[in-house]
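Novice: any chance you can model this:
(one chain, ligands or ions: 1)
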Amino acid sequence: MFGKNRTAMVIGAQWGDEGKGKVIDYLTPDADYVVRFQGGNNAGHTLVVDGVVHKLHLIPSGVLYKGKRVVLGNGMVIDPEVLISEMDNFESKGIKLNMLISERAHVILPFHIIMDGMIDEYKGKLGAGTTRRGIGPAYADKAERSGIRMIDLMDTKIFREKYDQLFDLKKKTLKCLYKENIKLNKEEIFRSYVNFAKRLKPYVGDVSLEVNTAIDNGKKILFEGAQGTMLDNDHGAYPHTTSSNTIAGAVCTGVGVGPTKIDSIVGVVKAYLSRVGTGPVPTEAKNRLGDHLRERGQEYGTTTGRPRRCGWVDLVQLRYACRVNGLTSLAITKVDVLGGLKKIPIATKYKYKSSYITELPADLNLQRQCKPVYKELDGWKDISDEEFKKIITGGYKELPKKMRTYLKFIEDQTNTPISLVSVGAERTSTIEVKE
Ligand code: IMP
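Specialist: Modelled structure (predicted):
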């Protein structure tokens, strides 16, 4: 799928959990590098390979392919304890790690996790329903210039200097603002982080230098996005977003590659819609059909296990995602889940009072009050795994006509071609759409 492209990127075009992991896994054989550039262990991919389920939070899924170099970019926030347990898990399965971690990536510390929960709870209706992994507070420290980077962690003297200041600052902040006495053992944390540093040191280096050199030497790079467009801190449903930029442009700052190096950008779209966390989601189906999608699609968070809010594809949101990411194609996932539905609603615009809205509003009030206007497309019969196997061999044209009409409608409405269709969790349940 790379063709002549040097780099390809996979981005969530909706609210995260679109099935990016599966698409990345499908594209990985053609890549030499798989590179993450934002987020942390708020992300989660579930991959099924030869019937074995793998859950990943930090390490790019390319790790499951022998010889691929997996990279954690500087735009990430990394909880070293979680990373090490993922490393241990892979190594115990005999999987060799060929990994590079950016020296400039920021480190999550235990007080970030405490603050994450406290702040989100304090915000109530204005919160995001975070994953409580410390993501927001770690990015806040980065922006405030008091964060600790991987390279700082590697140098015990520098780490001591920065840690002492940061710990004391957090202690005071928690006491003054939240009337909480921090119940963390400062020295114990320090010692455990020094030990984490020893384990991680062989993997820490200059990501921008290595990735750019690899591109110049003709290697193929796959950039792995996490979360989704609507969770982008600038372009998403702020304040119900994550704390990083999740859109395609973030790869430039999150790895240190120039925009001229980005060739193709695949937006992953679930054939319906799901979202974890709080805030308005115009096309959420709070009814029996929403429950059906959740159960049939097994829509429970990989990271937190929370039930996902389910609903229908929102073309206002999707056209916006195509625009802000500059998507070159779409990968539509979980199309099999829609099998057996008589009609499939798809939102083409919103209605607010007596007017119609076709562009995604930034206004929170509008987001809360607009109502989706649906077009109903015909559904298709449920298709068994066996039938799908035959269809996959025959390619896209073998898909039921009504399914192709549904997919074509998305394509036409977004003015973006579909390059992949996924009809099951396994690597093999994927159809490439050739022009
Ligand atoms: P945070 O990233 O933990 O701060 O959470 C902020 C918002 O993003 C919450 O609504 C989360 O549910 C959501 N979120 C974060 N990571 C993911 C993800 O990987 N998939 C889906 N939603 C996510």
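Novice: apart from its neighbours in sequence, what residue is nearest the residue of the chain found nearest the ligand?
Specialist: The minimum distance from the chain to the ligand, using Cβ to the nearest ligand atom, falls at G277 (2.0 Å). Yep, even glycine has a C-beta here, placed from its N, CA and C like the rest. Excluding the flanking residues, the one nearest G277 by Cβ to Cβ, 6 or more residues apart in numbering is G129, at 3.6 Å.
Novice: again with V35
Specialist: Once flanking residues are discounted, V35 sits nearest to V71: 4.2 Å by Cβ to Cβ, 6+ apart.
Novice: in a strand, that neighbour, correct?
Specialist: Yes - the assignment for V71 by DSSP: H, G, I helix; E, B strand; the rest coil puts it in a strand.
Novice: and it, what does it touch?
Specialist: 33-36, 60, 99-102, 207, 210-211, 255 (Cβ atoms under 8 Å, 6 or more residues apart in numbering).
Novice: so after the helix or strand hosting R199, what's the next helix or strand?
Specialist: R199 belongs to helix 186-200 when assigned by DSSP states H and E. Next helix or strand after helix 186-200 toward the C-terminus (DSSP H and E): strand 204-205.
Novice: tally up the residues packed near G75, please.
Specialist: Neighbours of G75 under the rule other Cβ atoms under 10 Å: 26.
Novice: who does the lengthiest strand in the chain touch, helix- and strand-wise?
Specialist: Criterion DSSP state E: the longest strand present in the chain is strand 343-352. When contacts are defined as 3 or more Cβ pairs under 8 Å, 6 or more residues apart in numbering; DSSP states H and E, strand 343-352 packs onto helix 315-325, strand 355-357, strand 371-378, helix 401-414.
Novice: can you add mean pLDDT, distance to K201 and mean neighbour count and give the ones you listed back as TSV?
Specialist: Shown next, in TSV, are these (pLDDT from 0 to 100; distance: least, Cβ to Cβ, whole Å; neighbours: other Cβ atoms under 10 Å):
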stretch	mean pLDDT	distance to K201	mean neighbour count
helix 315-325	98	35	22
strand 355-357	97	52	12
strand 371-378	98	51	16
helix 401-414	98	45	17
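Novice: need these in JSON lines with distance to the ligand, can you?
Specialist: Compiled in JSON lines, these are given as follows (distance: least, Cβ to the nearest ligand atom, whole Å):
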{"stretch": "helix 315-325", "distance to the ligand": "14"}
{"stretch": "strand 355-357", "distance to the ligand": "23"}
{"stretch": "strand 371-378", "distance to the ligand": "20"}
{"stretch": "helix 401-414", "distance to the ligand": "21"}
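Novice: need the ones you listed in JSON lines (columns: distance to A226).
Specialist: Output for the helices and strands packed on strand 343-352, formatted as JSON lines (distance: least, Cβ to Cβ, whole Å):
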{"stretch": "helix 315-325", "distance to A226": "14"}
{"stretch": "strand 355-357", "distance to A226": "29"}
{"stretch": "strand 371-378", "distance to A226": "27"}
{"stretch": "helix 401-414", "distance to A226": "22"}
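Novice: and the ones you listed: which comes nearest I148?
Specialist: Among the helices and strands packed on strand 343-352, helix 315-325 comes nearest to I148, with 30.8 Å by Cβ to Cβ.
Novice: re earlier: count the neighbours of the residue nearest to G277 for me.
Specialist: 15.
Novice: contact partners for it?
Specialist: D120, H240, V276, G277, T278, G279, R306.
Novice: and the residues you listed, which of them are in helices?
Specialist: Judged by DSSP state H, the contacts of G129 include D120 as members of helices.
Novice: of the contacts of G129, buried ones?
Specialist: For these, a neighbour count by 16 or more other Cβ atoms under 10 Å gives the buried set as D120, H240, V276, G277, T278, G279.
Novice: between these, which is closest to A285?
Specialist: Using Cβ to Cβ, V276 comes nearest to A285 of these, at 15.4 Å.
Novice: low-confidence ranges in the stretch 251-400 of the chain?
Specialist: The model of the stretch 251-400 of the chain has no residue with pLDDT under 70.
Novice: quick check: residues of it near the ligand?
Specialist: Contact residues, the stretch 251-400 of the chain versus the ligand (Cβ under 6 Å from any ligand atom): V276, G277.
Novice: let me see the ranges of the strands in the stretch 251-400 of the chain.
Specialist: Ranges of strands in the stretch 251-400 of the chain, per DSSP state E, counting those that start in this stretch, are 264-270, 273-275, 309-311, 329-333, 343-352, 355-357, 371-378.
Novice: same list, these, but as JSON lines with distance to N217 please.
Specialist: Listed next are the strands of the stretch 251-400 of the chain as JSON lines, based on distance: least, Cβ to Cβ, whole Å:
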{"stretch": "strand 264-270", "distance to N217": "19"}
{"stretch": "strand 273-275", "distance to N217": "40"}
{"stretch": "strand 309-311", "distance to N217": "44"}
{"stretch": "strand 329-333", "distance to N217": "26"}
{"stretch": "strand 343-352", "distance to N217": "44"}
{"stretch": "strand 355-357", "distance to N217": "48"}
{"stretch": "strand 371-378", "distance to N217": "47"}
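Novice: picking up where we left off before, how big is the angle separating the longest strand of the chain from helix 315-325?
Specialist: Interaxial angle, strand 343-352 versus helix 315-325 (axes from the mean of the first three to the mean of the last three Cα atoms, to 10 degrees): 80 degrees.
Novice: quick one, phi/psi of L420?
Specialist: Taking degrees, to the nearest 10, you get phi -140, psi 140 for the backbone angles of L420.
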